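generate coordinates for the sequence data below:
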Amino acid sequence: MAEENITRIQLGDKELILIGTAHVSKLSAEQVKEVIERERPDSVCIELDAQRYQSVTENSKWKETDIFKVIKEKKASFLLMNLAISSFQNRLADQFGIKPGQEMIQGIESAKEIDANLVLADRNIQITFSRIWGNIGLMGKAQLLTSVFYSIFSKETISEEDLEKMKSQDTLNAVMNDFTQAFPKLKTPLIDERDQYLAQKIKEAPGNKIVAVLGAAHVPGITKEVHRDHDLEALATRPPKSKWPTIIGWALPILLVAIIAYTFYLNPAAGIDQTKSWVLWTATLGAIGAAVAFGHPLAILTAFVGGPIGALHPLLAAGWFSGLAQAYVRRPNVGDFETLSKDVFTLKGFWDNKVTRVLLVVVLTNLGTAAGNIIGGADVIRLFLKNL
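Below is the predicted model:
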């Protein structure tokens, strides 16, 4: 088999063999098998973290997901994003008749067959998302969600030629390619830091001959970074939370209440109008968000009641209440988790599956409430200025 996707690096006594793959390419999986069987390395490194390794090797693990725990731990947005990216990979895999991540699965199986050490070399995906999320601001987050979902549910098919081009990107990079061009800062946590992390893990792998199975986008960076030393602990640290979101999160509601109270002092009728406007905007748009997610009527009602509460209290979110109501009334069963990987393949499936329906209720309620808070807050200020 051709060696065009293989990079060999001599590092002291160690020989590193990097296989650049496309994550949905049957040829990549075959090449991984052929190289490992021929080279018989001491260790095989794969571009997975423990969480993704578990999802690849234990598909049934989805059945154990506690949807209430996901909501309470504020992981609904993360899980929804993860499922969305998985659906993009599944769509490609289905088109080309191969299981997503087959080259990684092949690396795992081949390592076991030759009794080599298996090294999970990638950084935890939640840490990567955390470092991305902290770099893009509120508008960036909205654009990111839009960009990811548009690319996932696009009906365009991908040619063999396009697939070969994708060997220069991994799945996450492929979905976010246009976005990283708009936000150059994202290249650091998404690609550069992962190159450094992967390089360090590969060169620290046991033995003198190491085979690494990687998305080809990382090979050039790893080839450079492997000659340097990197602090894995620092790269795996979640970014410190800025105090400003908390300060602003409390300051804006306090300011809003103060403005309404002062308006009441100046003109009680205007104060009542302010209160009505703000409550109706936050409640109505929160409820609309839940309705767009096709939430149960109880979830929509909960979003309506919880909208103003969530908008006023930074530690609470209307989406948590509506999501818990949705999960209580339409609790996902084992069948929903079993069909999850297929259901997220289409936009209709995303809305029909009870698991993703709950997540959508949480996220869209919160987005609706946030929009209502902005519009309602602007109207409060308008009425305040009018009555000065």
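
and residue 286, how far from residue 367?
9 Å (CB to CB, to the nearest Å). Yep, even glycine has a C-beta here, placed from its N, CA and C like the rest.

neighbour count: those two, which is higher?
Regarding residue 286 and residue 367, a neighbour count based on other CB atoms under 10 Å identifies residue 286 as having more, with 36 against 19.

who are the contact partners of that one?
303-304, 306-307, 310, 318-319, 322, 365-366, 368-369, 372 (CB atoms under 8 Å, 6 or more residues apart in numbering).

can we see that at 6 Å?
Under the criterion of CB atoms under 6 Å, 6 or more residues apart in numbering, the neighbours of residue 286 are 303, 307, 318, 365, 368, 369.

would you map the helices across the stretch 201-350 of the chain?
Applying DSSP state H, counting those that start in this stretch to the stretch 201-350 of the chain gives helices spanning 219-225, 232-235, 243-266, 268-292, 297-312, 318-329, 334-338, 340-343, 347-352.

related to what we said a few turns ago, list just the nearest of the contacts of residue 286 to residue 12.
Each of the contacts of residue 286 was checked against residue 12 using CB to CB; the closest is residue 365, at 55.6 Å.

grab the longest helix from the chain for me.
helix 354-386 (DSSP state H).

three-state assignment of the nearest residue to residue 6 once chain neighbours are set aside?
Nearest non-adjacent residue to residue 6, counting by CB to CB, 6 or more residues apart in numbering: residue 19, 5.7 Å away. Using DSSP: H, G, I helix; E, B strand; the rest coil, the structure places residue 19 in strand.

pLDDT weak spots in the stretch 101-250 of the chain?
Within the stretch 101-250 of the chain, the segments meeting pLDDT under 70 span 134-185.

what ranges do the strands span in it?
Along the stretch 101-250 of the chain, counting by DSSP state E, counting those that start in this stretch, strands occupy 117-120, 209-215.

possible to save those strands as TSV with distance to residue 379 and mean neighbour count?
Output for the strands of the stretch 101-250 of the chain, formatted as TSV (distance: least, CB to CB, whole Å; neighbours: other CB atoms under 10 Å):
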stretch	distance to residue 379	mean neighbour count
strand 117-120	52	17
strand 209-215	49	26
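
make TSV from those strands and add distance to residue 37 to it.
Listed next are these as TSV, based on distance: least, CB to CB, whole Å:
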stretch	distance to residue 37
strand 117-120	15
strand 209-215	10
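
out of the ones you listed, the one nearest residue 239 is which?
Closest approach to residue 239 among the strands of the stretch 101-250 of the chain is made by strand 117-120 (22.4 Å; CB to CB).

give the pairing partners of that closest one; include direction for each.
strand 43-46 (parallel) (DSSP bridges).

give the next helix or strand downstream of the partner strand.
Scanning forward in sequence from strand 43-46, with DSSP states H and E defining helices and strands, the next element found is helix 50-57.

packing partners of the helix or strand following that following helix?
Moving toward the C-terminus from helix 50-57, the first helix or strand encountered (DSSP H and E) is helix 67-72. For helix 67-72, the packing partners by 3 or more CB pairs under 6 Å, 6 or more residues apart in numbering; DSSP states H and E come out as helix 318-329.

which residues sit against the helix it packs on?
67-68, 71, 286, 290, 295-296, 298-299, 302-303, 306-307, 310, 358, 361-362, 365-366, 369.

list buried residues within these.
Among these, those classed as buried by 16 or more other CB atoms under 10 Å are 67, 71, 286, 290, 295-296, 299, 302-303, 306-307, 310, 358, 361-362, 365-366, 369.

among the helices of the stretch 201-350 of the chain, show me which one is buried the most.
Most buried of these, by mean neighbour count (mean count of other CB atoms under 10 Å): helix 318-329, with a mean of 26.

let's see it as CSV, backbone CA atoms only.
This file holds the C-alpha atoms of helix 318-329, laid out as CSV (Å, rounded to 0.1, in the frame of the first residue of the first chain):
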residue,chain,number,x,y,z
ALA,A,318,-35.4,29.1,32.2
GLY,A,319,-34.2,26.3,29.9
TRP,A,320,-33.3,24.1,32.9
PHE,A,321,-36.9,24.3,34.2
SER,A,322,-38.5,23.7,30.8
GLY,A,323,-36.0,20.9,30.0
LEU,A,324,-36.7,19.2,33.3
ALA,A,325,-40.5,19.5,32.6
GLN,A,326,-40.0,18.0,29.1
ALA,A,327,-37.9,15.2,30.5
TYR,A,328,-40.4,14.5,33.2
VAL,A,329,-43.4,14.3,30.8
